[in-house]
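> below are the sequence and a predicted model for it; my questions follow.
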Amino acid sequence: MDLNERVGTVQRTQVLDLLSQALEQGYIDLADYERRMSLVHTATVVGDLTSQVADLPRQFHWHPQQAQMAPVTPTVGVDPEKRIRTMTLASVSLGGVALVTSICGGVGALFGVAAILLGRPGLKSARNHGLALTGIILGAVGIVFSLCAVGILIFGDGVQPPA
């Protein structure tokens, strides 16, 4: 193996894929991954690429002889159901924050709008429908309470308590 042989995009992509797998499996942290990733992007020779995975376990080592024969496997994105679940949980959380902050001069309305927007994709999912509906309802109630709080702040000075 000639460590001074030039590399191309295919080889860089293969090493980036190995680093992504190492990150996913917890062998490197995000800061280390980003540092190594920038070094891989600027790599010009084989030695530059092999040095980025040399300290990792054997399954993450890159061998240029096998690189030409092995096809590049595309990385799999985030599962759409997990993404919807995360958005739905964020919707419920933001809906609760909207209720709590609604007394703060209407700030809760901002959180309520975010809760409604994040809850909408979950309505189409049978698994997340109930949580999504909860987040949307909490967000809407937070908006209504915020509007009431703003109304009290604006028009509340003229109201006299009963004698």
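That came through, no problem.

> in stretch 123-134, which residues are buried?
Neighbour counts over stretch 123-134 (16 or more other Cβ atoms under 10 Å) mark Ser125, Asn128, Leu131, Ala132, Leu133, Thr134 as buried. Where you see a C-beta, it was placed from the backbone N, CA and C, and this is true even at glycine.

> quick check: Val46 touching Arg12?
No: judged on Cβ atoms under 8 Å, Val46 makes no contact with Arg12 at a distance of 11.0 Å.

> adding secondary structure, write the buried residues of stretch 123-134 out as TSV.
Output for those, formatted as TSV (DSSP: H, G, I helix; E, B strand; the rest coil):
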residue	secondary structure
Ser125	coil
Asn128	coil
Leu131	helix
Ala132	helix
Leu133	helix
Thr134	helix
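
> quick check, nearest of those residues to Val100?
Thr134 (15.5 Å; Cβ to Cβ).

> any idea how far the closest one is from Thr44?
Spatial separation of Thr134 from Thr44 under the definition Cβ to Cβ, to the nearest Å is 54 Å.

> the helices in the protein, which residues?
For the chain, helices defined by DSSP state H occupy the ranges 9-24, 30-41, 46-53, 64-67, 80-101, 108-119, 129-155.

> so which of these comes closest to Asp2?
Asp2 lies closest, by Cβ to Cβ, to one member of these: helix 46-53, at 6.6 Å.

> name the residues of that closest one that are buried.
By neighbour count on 16+ other Cβ under 10 Å, the buried set for helix 46-53 is Val46, Asp48, Leu49, Thr50, Gln52, Val53.

> just stretch 143-154 next, same as before
Across stretch 143-154, burial judged by 16+ other Cβ under 10 Å covers Ile143, Val144, Phe145, Ser146, Ala149.

> format these as a markdown table; extra columns: distance to Gly119 and pLDDT.
Formatted as a markdown table, the buried residues of stretch 143-154 follow (distance: Cβ to Cβ, whole Å; pLDDT from 0 to 100):
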| residue | distance to Gly119 | pLDDT |
| --- | --- | --- |
| Ile143 | 13 | 95 |
| Val144 | 16 | 95 |
| Phe145 | 17 | 94 |
| Ser146 | 17 | 93 |
| Ala149 | 22 | 90 |
